[in-house]
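Asks: Generate coordinates for the sequence data below:
(chains A, B and C)
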Amino acid sequence: MNDLGIFTTIVTAFAVLAMGLGVLGPGIGMGMAIAKALEALARQPEAEKSIMRWLLIGLAMIESLAIYVLVVVLIVLFRSPMLDYLLHK
Amino acid sequence: MNDLGIFTTIVTAFAVLAMGLGVLGPGIGMGMAIAKALEALARQPEAEKSIMRWLLIGLAMIESLAIYVLVVVLIVLFRSPMLDYLLHK
Amino acid sequence: MNDLGIFTTIVTAFAVLAMGLGVLGPGIGMGMAIAKALEALARQPEAEKSIMRWLLIGLAMIESLAIYVLVVVLIVLFRSPMLDYLLHK
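Replies: Numbering: from 1, shown residues only, chains lettered A, B, ... in the order given. Purely as a prediction, here's the structure:
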């Protein structure tokens, strides 16, 4: 097995595994944030607008974490920067 | 075993494993959000419309995390970008 | 052991492992949601219709996560897209 074969195999395998692991934390974190937001909403229904504005800002920030993983995974899959060293050596 | 055989074996194995790991976080997160939503519903039944609107928005955002994993897994399974380097070398 | 033997062995093993891991999170999440639903039901028995409607919607969304895993596992087991590369080489 040559360099290119080893590179593509291991990189693709770990990229897809990283995507799977990368949503573990964000998924649990979002659940915790939504849970407490709904509890707060039940306690102070008149503060709905305020609670939910901040919930959405929080969820967007957690979502950004998953987006980071997605972006890195797609970069590695489609345009792995280090692949050039193997192709033009 | 040649390059293509190793690539297809390991990549398919890791892709399906990543899908399995990828629903771990979202599954727990959704459970937490639903749990608190139902508790909030029991405390403030008159706020049902408001609570459930926000629960559904939250669940949709968690679901998006699982969709990311699914998309990456399907890309790797059906159109792995790095496979071209092995086929046309 | 030739390519096809290694491919079928490892891919089948990982597919069934992924299915096993894939229900871990959704299983815990569903348990949390149902637990709180029953607690809410005990507190507000007159809200049963409302609580259980939302519990079922929530469980259906968690179930969708497990369905993703099932679909990917069945695709890999029955029509692994990468198997063609090994068969027609």
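
Asks: near chain C, which residues of chain A?
Replies: Counting by Cβ under 8 Å from any Cβ of the partner chain, chain A comes close to chain C at A:27, A:31. Where C-beta positions appear, they are placed from N, C-alpha and C, glycine not excepted.

Asks: hey, where'd the helices end up in chain A?
Replies: Taking DSSP state H as the test, the helices found in chain A are A:3-22, A:24-43, A:48-79, A:83-87.

Asks: Columns mean neighbour count on top of the ones you listed, output as a markdown table?
Replies: Output for the helices of chain A, formatted as a markdown table (neighbours: other Cβ atoms under 10 Å in any protein chain shown):
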| stretch | mean neighbour count |
| --- | --- |
| helix A:3-22 | 20 |
| helix A:24-43 | 22 |
| helix A:48-79 | 16 |
| helix A:83-87 | 13 |
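
Asks: Would you format those as CSV with mean pLDDT included?
Replies: Output for these, formatted as CSV (pLDDT from 0 to 100):
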stretch, mean pLDDT
helix A:3-22, 92
helix A:24-43, 95
helix A:48-79, 95
helix A:83-87, 83
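
Asks: out of the ones you listed, nearest to residue C:88?
Replies: Ranking these by proximity to residue C:88 (Cβ to Cβ) places helix A:3-22 first, at 18.8 Å.

Asks: hmm, who's touching the closest one?
Replies: Helix A:3-22 is touched from outside by A:65-66, A:69-70, A:72-73, A:76-77, A:80, A:82-83, A:86-87, B:3, B:6-7, B:10-11, B:13-15, B:17-22, B:68-69, B:72-73, B:76, B:80, B:82-83, B:85-86, B:89, with contacts defined as Cβ atoms under 8 Å, 6 or more residues apart in numbering or on different chains.

Asks: Quick check: the spatially most central residue of chain A vs residue B:58, distance?
Replies: Nearest to the mean C-alpha position of chain A, counting by Cα atoms, centre = their mean, stands residue A:66 at 1.5 Å. According to Cβ to Cβ, to the nearest Å, residue A:66 stands 14 Å off from residue B:58.

Asks: next one: residue A:37
Replies: Computed as Cβ to Cβ, the residue A:37 to residue B:58 distance reads 8 Å.

Asks: Return every residue with contacts to both of the two.
Replies: Each of residue A:55 lies in contact with both residue A:37 and residue B:58 under the rule Cβ under 8 Å, 6+ apart.

Asks: re the thing from before, who touches the closest residue to the residue nearest to the centre of chain A other than its chain neighbours in this structure?
Replies: Nearest residue to residue A:66, sequence neighbours excluded (Cβ to Cβ, 6 or more residues apart in numbering or on different chains): residue A:26, at 4.6 Å. Neighbouring residues of residue A:26 by Cβ under 8 Å, 6+ apart: A:62-63, A:65-66, B:25, B:65.

Asks: same thing with residue A:76?
Replies: A:11, A:15.

Asks: Please tell me how far it sits from chain C.
Replies: Taking Cβ to the nearest Cβ, to the nearest Å as the measure, residue A:76 falls 19 Å from chain C.
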